[in-house]
Every structure is written in C-alpha cells, then in structure tokens.
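J.: turn this into a model:
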Amino acid sequence: IVRQISGAIARRIVCRAQQGQKLSGGEKFGMIKFGSRTELYVAAGEDVKILVKVGDKVKAGLTPVIRYEMQDTDNGKIQN
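T.: Numbers count the residues shown, from 1 in each chain. Predicted coordinates for the structure are as follows:
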C-alpha cells in the first residue's frame, strides 16, 4: 500500500495511479514536491527484507526498498 501525504506549506502531489490500481516493481505512478512525503506499507513476514532505513534518500524506479526472499521447498534454496 502506498500513501502520498501533502506537506503543510506547499501541498504538491502529482498522482497518475488510480485508487486500488496494482503497480509493478519500479513503476512510476506520481511525484512528491516541496516537503510532501510518501509512505509505503508492506506486509511483515520472514520472507520480507527491508533494504532502506528511515532518512535514506531513494530514487523512483531505481532504489530497491524491499526484497521478498522465497524459500524453495524442494531444495531449501532462497529465491529472490
């Protein structure tokens, strides 16, 4: 789930996605301007590895923020 929140002073959000629309990894769906922010909600689980921390700068479509590590039940290897 992605939540875009406008800033208190300059309320500038550009969103090209529709509510409920499914997005692919790396897909651009909008832009945050002038102090607004984006929150990304991910279901917790042992198979989720968070790759960034609070305060990190990320670039749309370039910076991976999470990785799902799927366990292969046939041979025990981890698949990304």
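J.: my guess is K28 contacts A60, does it?
T.: Yes - counting by CB atoms under 8 Å, K28 touches A60, with 5.3 Å between them. For the C-beta atoms, the positions are set from N, CA and C on the backbone; glycine is no exception.
J.: higher neighbour count, those two?
T.: A60 (13 against 10; other CB atoms under 10 Å).
J.: mind listing what that one touches?
T.: K28, M31 (CB atoms under 8 Å, 6 or more residues apart in numbering).
J.: which secondary structure element is home to it?
T.: Assigned by DSSP states H and E, A60 belongs to neither a helix nor a strand.
J.: what about it, distance to Q19?
T.: 19 Å (CB to CB, to the nearest Å).
J.: could you chop this structure up by domain?
T.: 1-41, 44-80 (automatic domain parsing).
J.: quick one, strands of the chain?
T.: 2-5, 12-15, 30-33, 37-40, 48-50, 66-68, 70-71, 78-79 (DSSP state E).
J.: can you add mean neighbour count and mean pLDDT and give the ones you listed back as CSV?
T.: What follows is the strands of the chain, written out as CSV (neighbours: other CB atoms under 10 Å; pLDDT from 0 to 100):
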stretch, mean neighbour count, mean pLDDT
strand 2-5, 12, 77
strand 12-15, 13, 80
strand 30-33, 14, 78
strand 37-40, 12, 78
strand 48-50, 11, 89
strand 66-68, 12, 88
strand 70-71, 11, 74
strand 78-79, 8, 59
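J.: quick one: which of these is nearest S24?
T.: Across the strands of the chain, S24 has its closest neighbour in strand 2-5 (12.7 Å, CB to CB).
J.: can you tell me the closest non-neighbouring residue to the residue nearest the centre of the chain?
T.: Residue closest to the average C-alpha location in the chain (CA atoms, centre = their mean): L40, at 4.8 Å. Nearest in space to L40, with sequence neighbours left out and distances taken as CB to CB, 6 or more residues apart in numbering, is V2 at 5.7 Å.
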